[in-house]
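Trainee: no FASTA, just this:
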């Protein structure tokens, strides 16, 4: 291509007819365009090679840092051979038992009786709700009041070491839908 371009530059175009002069100019233009395209391709290939080298270098650095980080993590982890003092156990294994002043285990005096609690709750609910009609504003207060009454009544039954959680749900059922208030 270079030989053709240098040869075309040495040809005098004045002695040829205008059509051939135009053809020589077109050939010169095409060869010049191809030469510029080759230079652009060489420059692109150079930048592509530089990008490839930078990519490979960053990959090597990443792998190196990952390996070093993994080694540091593994070396800083506790070994099986490291013996630490055992953690002092603050709580006994028995949920219902606790030591008293003489380090003897004290069991609750009264075991929990579900039937007694259920009976007491039904009595309270029947006493307070047997004549009530559903009223959205009143039921909110009623649910809160009933939960406090039931909680206090269950505490008076004398169960030690039990925590009572009371949930009251008051529902009005009309046709296929219902309204609900809870506390």
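Mentor: In hand now; what should we look at? Computed from a predicted model, the values in this text were never measured in an experiment. Residues are numbered from 1 along each chain as shown.
Trainee: shaky segments in this structure?
Mentor: Scanning the chain for pLDDT under 70 picks out 1-9, 13, 82, 84-109, 161, 178-183.
Trainee: Tell me how far residue 150 lies from residue 122.
Mentor: Distance, residue 150 to residue 122, by C-beta to C-beta, to the nearest Å: 10 Å. No exception for glycine: its C-beta is placed from N, CA and C like everyone else's.
Trainee: and residue 170, how many neighbours?
Mentor: Residues lying near residue 170 (other C-beta atoms under 10 Å) number 20.
Trainee: quick one: what helix or strand has it in it?
Mentor: strand 169-174 (DSSP states H and E).
Trainee: ok, residue 150 and residue 122, which is more surrounded?
Mentor: Just comparing residue 150 and residue 122: by other C-beta under 10 Å the higher neighbour count belongs to residue 150, 20 against 10.
Trainee: quick one: contacts for that one?
Mentor: Applying C-beta atoms under 8 Å, 6 or more residues apart in numbering, we find residue 150 in contact with 120-121, 124, 166, 168.
Trainee: what's the answer for residue 151, then?
Mentor: Per C-beta under 8 Å, 6+ apart, neighbours of residue 151: 164, 166.
Trainee: Check which residues of the helix or strand containing it are buried.
Mentor: Per DSSP H and E: residue 151 is located in helix 136-156. Buried residues in helix 136-156, counted by 16 or more other C-beta atoms under 10 Å: 139, 142-143, 146-147, 149-150, 153-154.
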